[in-house]
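1. Provide a 3D model corresponding to the input given below.
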Amino acid sequence: MTSLNQKDMTLLLRLSQDSRISLTALGKELKLTPAAVAYRINKLVENEIIEKFTITINTSLLTPNYQSYKIGRAHV
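-> I've put the predicted structure just below:
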C-alpha cells in the first residue's frame with residue numbers, strides 16, 4: 001500500500017475535478033514547480049494510484065458517421 005501526503009491527495013482531488021488543468025496552475029496551487037507536479041503525477045501512475053486517463057465524448061455533437069464508426073469498432 002502506498003501512503004500519500006497532503007500534496008498528493010490535493011493533486012488527485014484537483015485532477016478528478018478538472019483533468020485538463022495545466023501543470024503550471026497545479027504547481028501554483030500546490031506551491032510546486034510544473035516539473036515537480038509532473039514528477040508526482042508520473043509517480044502516481046507508476047504506483048498504480050492513477051490507473052488510466054480517459055475521455056468522455058459528447059456524441060450528440062457528432063455526426064451520424066461517428067455512430068457507424070463506433071458500432072463497427074465494437075466488433076474489432
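
2. count the residues that sit near Lys43.
-> Look at Lys43: counted by other CB atoms under 10 Å, it has 13 neighbours. To be clear about C-beta, it is placed using only N, CA and C from the backbone, and glycine gets the same treatment.

3. from the contact counts, what lies against the helix or strand where it lies?
-> For Lys43, the host element (DSSP states H and E) is helix 34-46. For helix 34-46, the elements it packs on are helix 6-17, helix 23-30, judged by 3 or more CB pairs under 8 Å, 6 or more residues apart in numbering; DSSP states H and E.

4. most tightly surrounded among those?
-> helix 23-30 (a mean of 15; mean count of other CB atoms under 10 Å).

5. C-alpha coordinates for the helix holding Lys43, PDB please?
-> Provided in PDB are the C-alpha atoms of helix 34-46 (Å, rounded to 0.1, in the frame of the first residue of the first chain):
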ATOM      1  CA  PRO A  34       5.400  22.300 -13.000                       C
ATOM      2  CA  ALA A  35       8.200  19.800 -13.300                       C
ATOM      3  CA  ALA A  36       7.600  18.700  -9.700                       C
ATOM      4  CA  VAL A  37       3.900  18.300 -10.400                       C
ATOM      5  CA  ALA A  38       4.700  16.200 -13.500                       C
ATOM      6  CA  TYR A  39       7.000  14.000 -11.400                       C
ATOM      7  CA  ARG A  40       4.300  13.500  -8.800                       C
ATOM      8  CA  ILE A  41       1.700  12.500 -11.500                       C
ATOM      9  CA  ASN A  42       4.200  10.100 -13.000                       C
ATOM     10  CA  LYS A  43       4.800   8.500  -9.600                       C
ATOM     11  CA  LEU A  44       1.100   8.200  -9.000                       C
ATOM     12  CA  VAL A  45       0.800   6.400 -12.400                       C
ATOM     13  CA  GLU A  46       3.900   4.100 -11.600                       C
END
